[in-house]
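coords below, sequence missing:
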């Protein structure tokens, strides 16, 4: 972030950090898969940082993969009106 700030690009930058939950490799003595209702199978990180926003927030709401595109849309445009052709909801 320091380099972006030095180059005066921090306000024009959005950083998104997320991850897949991966495969269980024999954990819980189950077959290699990722479709189980264990906490580490259903929870994945999704963290965004926008240099434009000085506000910090967290949400306990359930976010689905389908919500990523509307969230990026809202973060990168001046509009919070998601197009009707786009599925999902923004959580920005």
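Everything's here; your move. Just so it is clear, the structure is predicted and the values come from calculations on it, not from any experiment.

Just give me the residue right at the centre of the protein.
The centroid of the chain falls nearest to residue 46 when counting by Cα atoms, centre = their mean (3.2 Å).

quick one: contacts for the closest residue to it other than its chain neighbours?
Excluding its sequence neighbours, the residue lying closest to residue 46 (Cβ to Cβ, 6 or more residues apart in numbering) is residue 18, at 4.7 Å. C-beta here means a position set from N, CA and C on the backbone, and glycine is covered the same way. The contact partners of residue 18, taken as Cβ atoms under 8 Å, 6 or more residues apart in numbering, are 44, 45, 46, 47, 68.

Minimum pLDDT in these, which residue is that?
The member of the contacts of residue 18 with the lowest pLDDT is residue 44, at 74.

returning to that earlier point: write the PyMOL selection for whichever of the contacts of residue 18 are buried.
This is the PyMOL syntax for the buried subset of the contacts of residue 18, where burial follows 16 or more other Cβ atoms under 10 Å:
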select buried, resi 46+68
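
and the next element down the chain from the lowest-mean-pLDDT helix or strand in the chain?
Within the chain, no helix or strand scores below helix 39-42, which has a mean of 69 by mean pLDDT, DSSP states H and E. Using DSSP states H and E, the helix or strand that follows helix 39-42 towards the C-terminus is strand 46-50.

Give the other helices and strands that that following strand contacts.
Helices and strands touching strand 46-50, by 3 or more Cβ pairs under 8 Å, 6 or more residues apart in numbering; DSSP states H and E, are strand 14-18, helix 68-76.

got the buried residues for the longest one?
Of all the residues in helix 68-76, those buried under the rule 16+ other Cβ under 10 Å are 68, 70, 71, 73, 74, 75.

Need those residues in a markdown table (columns: distance to residue 23).
Compiled in a markdown table, the buried residues of helix 68-76 are given as follows (distance: Cβ to Cβ, whole Å):
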| residue | distance to residue 23 |
| --- | --- |
| 68 | 21 |
| 70 | 28 |
| 71 | 26 |
| 73 | 31 |
| 74 | 32 |
| 75 | 30 |
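
Which of the residues you listed sits closest to residue 39?
residue 68 (21.1 Å; Cβ to Cβ).

got a pLDDT number for residue 11?
Looking at residue 11, its pLDDT is 85.
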